[in-house]
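Compute the structure for the input listed below.
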Amino acid sequence: MNFFTTEKQNEVAFSVSQLNRQIQSLLEASLPWVLVEGEISNLARPGSGHWYFSLKDSKAQIRCAMFKNRANAVRFKPKDGDLVKLRAKVTFYGPRGDCQLTVESMESGGEGALQQAYERLKSQLDAEGLFKQEHKKSLPVTPERVAIITSPIGAAVRDMISVFKRRFPLTELTVIPSLVQGNGAAQNLTKQLLRMDTSGHFDAIIIGRGGGSLEDLYSFNDETLARAIFNAKTPIISAVGHEVDFTIADFVADVRAATPTAAAELLSPDSEQLIRQIQSQENSLALSFERQLQTQQQKLDHLIQRMRHPSERIQIQQDKLSQLEKRLIQGIQARLSNKKIQLEHSQARLSQSSPKQAITRKTQELEDYQRRLSLALKQNLEQKSQTFASLMEKLNLVSPLQILSRGYAIASNEDGVIKNIQQAKKGEKIKVRVEDGELNCEVISKKKSS
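The predicted structure is shown next:
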């Protein structure tokens, strides 16, 4: 069926609905998506959550509809008179014959210039190397003092405080009030950041705010603030807006958090997890100490078995001396017996010959032998006594107990006896053996003797 006008007399006319469907088909096929800029008027927000308004300029206007799922994604609250930029699909509503825009996204009409300035500054600082990872400082594991530079009345600061109280309440929080949008906000943020950083009081600084439009967040795209963050000595976390929001402060900071809540979670260790880790490490350490103690006790028992006590060594030497003395006496007695036999033989010969001079001579010889023998015995005994005393003195000098009794001590760690300061580490647990027991000590400091 042909609905278009021809010269034939039997041409068929359009119905209104057919015409509107034809218009809708042609219009939506030729203009699927458009980017259009204009001023909002007659904005209506019914309870359904959909937005209905007109977009106009000085010469024309067009009706617009933005449905709830798309309207919820808009990061600012539009109002009549606002200049906006829309990405929309041209639609034709056949029942009324109306042409309208079904809006997919909306941004403030002023954001275009801000976006261009943002991109220029981002490219400039990136080229200077301010975004490089090599300049980023590490965050402290368990910060004691944290400064939060933000608005003191926003939801963001309440969320961060709540996270710290829940996860790690030991952290000392200091909220530094600052403007976060509007005139003077960037200067105020920079001033507070420099003041907190130069104080040297904080382990980390969070700077940020809740979400908003590009214009709302633009204070965090300030070049002076970016350079202050880069030059700060304190680790800086940027926590601006929502997860999809990015500012210059995010790129130049040491860490970028998706949200203020995420920043608090990054800086607040889970106290329950820390307690579990400490308990696990405590158990492991106790088990390790017990094993080391058993090992060292076994070594000590083995050394005690190998090492003879000085009293035992003295007893051995005394036994040897007794044996020598016994052998000496036996030798003397044997020699005396021999001399007695010789004397008896001489007396017998003397009795037979009765030579008086021979008897006198032999008597003198016998007395001389006895005197020499007594002297030799005395000298031998003195020599043996001196030797014994010398051995006792040497043995006493090398006795570990004798060294300890003079005030010396023996320090040791897991690797054995400590002979120099390089073998001990600061904070290391060591054992010190003294004369009457053992001390468990900790190395507080080390100083090399000059």
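
Now do the SS call for the residue most central in space within the chain.
Nearest to the geometric centre of the chain sits residue 141, at 5.5 Å (CA atoms, centre = their mean). What DSSP: H, G, I helix; E, B strand; the rest coil gives for residue 141 is coil.

Name the nearest residue to it, sequence neighbours excluded.
Counting by CB to CB, 6 or more residues apart in numbering, residue 269 is the residue found nearest to residue 141 once chain neighbours are left out, at 6.6 Å. Glycine gets a C-beta too; all of them are placed from N, C-alpha and C.

thinking again about what came up before, what about the residue nearest to the centre of the chain, distance to residue 276?
16 Å (CB to CB, to the nearest Å).

Likewise for residue 438?
Applying CB to CB to residue 438 and residue 276 gives a distance of 34 Å.

repeat for residue 32
57 Å.

and if you look at residue 424?
In terms of CB to CB, residue 424 sits 31 Å off from residue 276.

same question, residue 284
With CB to CB as the criterion, residue 284 and residue 276 are 13 Å apart.

Also residue 57?
Taking CB to CB, one finds residue 57 at 64 Å from residue 276.

Likewise for residue 220?
37 Å.

higher neighbour count, those two?
residue 220 (27 against 11; other CB atoms under 10 Å).

That one in helix, strand or coil?
helix.

Verify the contact between it and residue 240 for me.
Yes - the pair residue 220 and residue 240 qualifies as a contact (CB atoms under 8 Å) at a distance of 4.9 Å.

quick one: common contacting residues for those two?
207, 208, 209, 247, 249, 250 (CB atoms under 8 Å, 6 or more residues apart in numbering).

the helices in the stretch 1-150 of the chain, which residues?
16-30, 68-71, 111-128 (DSSP state H, counting those that start in this stretch).

With respect to residue 169, which of the ones you listed lies nearest?
With CB to CB as the criterion, residue 169 lies closest to helix 111-128 of the helices of the stretch 1-150 of the chain, at 37.1 Å.

Rounded mean pLDDT for that closest one, please.
Across helix 111-128, the average pLDDT comes to 82.

Could you shift the numbering so residue one becomes 44, and keep it that way?
Let's use 44 as the start, then, which means that last one is helix 154-171.

Other residues contacting it?
So helix 154-171 is in contact with 128, 174, 256, 257, 258, 261, 264, 266, 269, 291, 294, 295, going by CB under 8 Å, 6+ apart.

Mind giving me the ChimeraX command for buried ones among those?
The following ChimeraX line selects those of the contacts of helix 154-171 that are buried, judged by 16 or more other CB atoms under 10 Å:
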select :128,174,256,257,258,261,264,269,291,294,295
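
What about the contacts of helix 154-171, which are in strands?
residue 128 (DSSP state E).

With pLDDT added, can I get the contacts of helix 154-171 in CSV?
Below are the contacts of helix 154-171 laid out as CSV (pLDDT from 0 to 100):
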residue, pLDDT
128, 88
174, 93
256, 72
257, 73
258, 73
261, 84
264, 92
266, 94
269, 95
291, 93
294, 95
295, 96
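
quick check, distance from stretch 451-465 to the centre of its chain.
29 Å (CA atoms, centre = their mean, to the nearest Å).

Show residues contacting it.
In contact with stretch 451-465 (CB under 8 Å, 6+ apart) are residues 335, 443, 447, 466-467, 471-477, 482, 484, 489-491.

and the end-to-end length of it?
Using CA to CA, to the nearest Å, the gap from the first to the last residue of stretch 451-465 comes to 20 Å.

Can you list the buried residues in it?
Buried, per 16+ other CB under 10 Å, within stretch 451-465: 454, 455, 456, 461.

so which pair among these is furthest apart in space?
454 and 456 (7.7 Å).

Which strands or helices does the helix or strand where residue 411 lies pack on?
Assigned by DSSP states H and E, residue 411 belongs to helix 399-440. For helix 399-440, the packing partners by 3 or more CB pairs under 8 Å, 6 or more residues apart in numbering; DSSP states H and E come out as helix 353-396.

Using the record's domain definitions, break this structure down for me.
59-152, 168-312, 353-441, 448-478 (automatic domain parsing).

Quick one: distance of the last one to the chain centre.
For domain 448-478, the distance between its averaged C-alpha position and the chain's averaged C-alpha position is 29 Å (CA atoms, centre = their mean).

Kindly report the same for stretch 431-441.
With CA atoms, centre = their mean, you get 56 Å for stretch 431-441.

buried sites along that stretch?
For stretch 431-441, using 16+ other CB under 10 Å, the buried residues are residue 431.

for the record, mean pLDDT for it?
For stretch 431-441, the mean confidence score works out to 79.

all strands in the stretch 94-243 of the chain, in order from the N-terminus.
Secondary structure of the stretch 94-243 of the chain (DSSP state E, counting those that start in this stretch): strands at 94-99, 104-109, 126-136, 141-151, 188-193, 215-220.

In PDB, list the C-alpha atoms belonging to the fourth one.
Below are the C-alpha coordinates for strand 141-151, written out as PDB (Å, rounded to 0.1, in the frame of the first residue of the first chain):
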ATOM      1  CA  ASP A 141       5.200  15.600  20.100                       C
ATOM      2  CA  CYS A 142       8.900  15.500  19.400                       C
ATOM      3  CA  GLN A 143      11.100  15.200  22.600                       C
ATOM      4  CA  LEU A 144      14.600  14.300  23.900                       C
ATOM      5  CA  THR A 145      15.100  11.200  26.000                       C
ATOM      6  CA  VAL A 146      18.100  12.300  28.100                       C
ATOM      7  CA  GLU A 147      20.900   9.800  28.700                       C
ATOM      8  CA  SER A 148      23.300  12.100  30.700                       C
ATOM      9  CA  MET A 149      23.500  15.700  31.900                       C
ATOM     10  CA  GLU A 150      26.400  17.900  32.900                       C
ATOM     11  CA  SER A 151      26.600  21.500  33.800                       C
END
